[in-house]
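[1] Coordinates for the following, if possible.
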Amino acid sequence: MYEYNPRPCLFSGSLSFIFWIAVYIWMALCLYTIAKKTNIENTWLGILIIIPVVNFIIPCILAFSD
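    Alright, predicted model coming up:
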């Protein structure tokens, strides 16, 4: 009979998780670079850019800046 082998599923799941974490960090670094080049007043946001809520705050600050 057929035996279930969970290893391929485990590998693809962990590989997918690592890929999306890398994409998220890349997006955070891109936002940090944009914020740095546009001289956002709150420099501490650059440290907290990994937090998901801050990723939405920075584009809002950029949109409403003069």
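[2] Return the per-residue confidence for the most centrally placed residue in the chain.
    Centroid-nearest residue in the chain, with C-alpha atoms, centre = their mean: residue 24, separated by 2.5 Å. Predicted confidence (pLDDT) for residue 24: 86.
[3] Following the longest helix seen in the chain in sequence, what is the next regular element?
    Longest helix in the chain by number of residues (criterion: DSSP state H): helix 7-37. Downstream of helix 7-37, the next assigned helix or strand under DSSP states H and E is helix 52-64.
[4] which of the residues in that next one are buried?
    Neighbour counts over helix 52-64 (16 or more other C-beta atoms under 10 Å) mark 54, 55, 57, 58 as buried. For the C-beta atoms, the positions are set from N, CA and C on the backbone; glycine is no exception.
[5] Correct me if wrong: the last one contacts residue 28.
    It stands for residue 58. No - taking C-beta atoms under 8 Å as the definition, residue 58 is not a contact partner of residue 28, at 9.6 Å.
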